[in-house]
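[1] quick one, fold the following:
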Amino acid sequence: MELTVNLGKNSYSVYIESGILKNAELYISQIFKGKRIIIVSDDNVYPLYGEALIKALPSYECHCLVLPHGEPTKSFQTLPQIYGAMLEEKISRSDLVIALGGGVIGDLAGFAAASYLRGVKFVQIPTSLLAQVDSSVGGKVAVDLPQGKNLVGAFYHPQLVLVDPKTLDTLPNRYITDGMGEVIKYGCIRDKVLFDLLNSHTSFTDLKSHLNSIIYQCIDIKRAIVEADQFDTGERMLLNFGHTLGHTIEQYYHYERESHGEAVAIGMYQITKISEKAGLTPAGEAEKIYRTLKIYGLPYECGLPVSALTDAIKLDKKNLDDCLNVVLLHKIGDSYVYPTSLDFFEAAGVV
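    Below is the predicted model:
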């Protein structure tokens with residue numbers, strides 16, 4: 001399956017195919033005519049797929065940088081290590097960066113590629129469900145600051161995205177669950193048919209025969225939204241349904257308790273509950289989200305008072321012109337951006 005993200009000179013293709021990793025050179029050779037590649041990965045993914053990727057790129061001089069896994073790696077302090085490796089391997093603007101891993105590696109390697117020598121081409125090869133359905137597409141690359149997630153970043157699109165669903169076979173169950181948080185988000189914001197499909201199954205194992213088409217559907221929704229709003233000032237904010245709370249929950253626990261998808265799941269349910277109480281969403285939509293989260297083993301509450309999260313909410317990137325833009329639902333499959341203030345959350349008490 002192939003999708004094209006049409007962004008003029010920044011356009012690129014996304015290929016979804018089981019086993020595509022072993023044919024990586026066939027696709028990379030179409031967008032890269034140089035010789036030198038640096039592969040950035042982590043210590044969970046590289047032992048599984050690093051050597052296989054190098055073997056699949058026999059025409060290129062490949063170098064590797066393997067970083068610790070986990071969100072704490074996606075920090076400003078890691079960047080000098082990446083830049084240093086690039087310099088040591090003599091990576092130039094005619095060379096290529098490949099991000100091999102989940103969302104952390106994709107964001108981090110992408111930001112390094114965007115900023116090193118003012119821009120080096122890069123390719124995304126996402127190996128987690130969350131990265132395959134969401135973060136590898138759209139050109140958002142970033143690192144975290146102590147004050148909040150993704151606060152330093154850029155819009156820098158990959159040249160190519162290769163999605164190999166077979167890499168999900170080696171994911172721990174928690175990271176499948178994590179990715180399902182983003183899959184459910186896409187059903188909530190834009191695709192009731194997808195949401196109903198998720199609800200017609202009893203577990204991820206039961207759903208797995210639909211996996212390739214689900215990945216395609218999620219990417220296609222994101223493609224359409226990104227094409228309409230490349231720089232995240234309007235419709236693209238819809239992709240952050242649940243994230244305003246989710247990011248703050250992640251940060252509160254220093255990225256050591258809830259994963260990203262788990263925190264987003266809590267955010268989607270809790271924000272919809274608040275929205276229902278305010279009369280901004282019809283009653284019963286939060287309950288539908290709750291039932292779906294339960295099917296896929298995702299949390300729906302974290303037990304924190306909203307007052308513990310408000311400082312981080314103030315730094316939310318959807319806070320424009322002193323107005324906090326929160327993504328709400330008209331109903332499942334139909335979302336909108338609602339301009340408000342912190343008072344919206346303070347009515348919740350505990351989330």
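[2] pLDDT score for Gly101?
    Per-residue pLDDT puts Gly101 at 98.
[3] who does it bridge with?
    Pro126 (DSSP bridges).
[4] so it makes contact with Asp42?
    Yes - under the criterion of Cβ atoms under 8 Å, Gly101 makes contact with Asp42 at 5.1 Å. All C-beta atoms are positioned from the backbone trio N, CA, C, and that covers glycine.
[5] more crowded one of the two?
    More neighbours surround Gly101 than the other of Gly101 and Asp42, with 33 against 22 (other Cβ atoms under 10 Å).
[6] which residues do Gly101 and Asp42 both contact?
    With contacts defined as Cβ atoms under 8 Å, 6 or more residues apart in numbering, the residues shared by Gly101 and Asp42 are His69.
[7] quick one: the helices in this structure?
    Per DSSP state H, the chain has helices spanning 24-31, 46-55, 79-88, 103-115, 129-130, 173-190, 192-199, 204-207, 211-228, 243-252, 260-277, 285-295, 310-314, 343-346. These are given in chain order.
[8] those helices: which one's closest to Val137?
    Relative to Val137, the nearest member of the helices of the chain by Cβ to Cβ is helix 211-228, separated by 5.4 Å.
[9] how far is stretch 225-235 from where the chain is centred?
    16 Å (Cα atoms, centre = their mean, to the nearest Å).
[10] from His63, how far out is the spatially most central residue of the chain?
    By Cα atoms, centre = their mean, the mean C-alpha position of the chain lies nearest to Ser135, the distance being 2.7 Å. For Ser135, the distance to His63 equals 24 Å [Cβ to Cβ, to the nearest Å].
[11] repeat that for Lys33.
    From Lys33 over to His63 the distance is 18 Å, taken as Cβ to Cβ.
[12] more neighbours, these two?
    Neighbours of Lys33 and His63, each counted by other Cβ under 10 Å, are more numerous for His63; the result is 18 against 8.
[13] for the more buried one, give its distance to Leu57.
    For His63, the distance to Leu57 - Cβ to Cβ - is 11 Å.
[14] likewise for Val351?
    For Val351, the distance to Leu57 - Cβ to Cβ - is 46 Å.
[15] more neighbours: which of those two?
    When neighbours are counted by other Cβ under 10 Å, Val351 and Leu57 differ, and Val351 comes out ahead with 23 against 17.
[16] quick check: closest non-adjacent residue to the more buried one.
    Gln270 (4.3 Å; Cβ to Cβ, 6 or more residues apart in numbering).
[17] that neighbour reaches Ala347, doesn't it?
    No - using Cβ under 8 Å as the test, Gln270 is too far from Ala347 to be in contact (11.4 Å).
[18] quick one: which of these two has more around it?
    Gln270 (24 against 10).
[19] distance-wise, check that one relative to Lys74.
    24 Å.
[20] one more: Leu211?
    On the measure of Cβ to Cβ, Leu211 and Lys74 end up 26 Å apart.
[21] those two: which is more packed in?
    Lys74 (22 against 18).
[22] what's the domain layout of the protein?
    Domain assignment for the chain, taken from automatic domain parsing, gives 2-170, 174-346.
[23] mean pLDDT lowest where, among the ones you listed?
    Among these, domain 174-346 carries the lowest mean pLDDT (a mean of 92).
[24] first to last residue in that one, what's the distance?
    Separation of the first and last residues of domain 174-346 by Cα to Cα, to the nearest Å is 31 Å.
[25] and what of stretch 30-42?
    26 Å.
[26] do the same with stretch 182-202
    18 Å.
[27] and the contacts of that stretch?
    Stretch 182-202 has contacts (Cβ under 8 Å, 6+ apart) with 129-130, 133-134, 207, 210, 214, 217-218, 221-222, 225, 238-239, 241-242, 261, 264-265, 268, 288-289, 291-293, 295-296, 298, 327, 329, 331-335.
[28] can you select the buried ones from the residues you listed in PyMOL?
    The buried residues among those can be selected in PyMOL (16 or more other Cβ atoms under 10 Å) with this line:
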select buried, resi 129+130+133+134+207+214+217+218+221+222+225+238+239+241+242+261+264+265+268+288+289+292+293+295+296+298+327+329+332+333+335
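[29] rewinding a little: give the intersection of the neighbour lists for His63 and Leu57.
    Joint contacts of His63 and Leu57 (Cβ under 8 Å, 6+ apart) are Ile37.
[30] what count of nearby residues applies to Pro282?
    For Pro282, using other Cβ under 10 Å, the count is 13.
[31] now do the contacts for it.
    Glu276, His330, Lys331.
[32] got a list of what the second one touches?
    By that I understand His330. Thr281, Pro282, Tyr336 are the contacts of His330 under Cβ under 8 Å, 6+ apart.
[33] at 10 Å instead, please
    Contact analysis of His330 by Cβ atoms under 10 Å, 6 or more residues apart in numbering lists Ser275, Leu280, Thr281, Pro282, Glu285, Tyr336.
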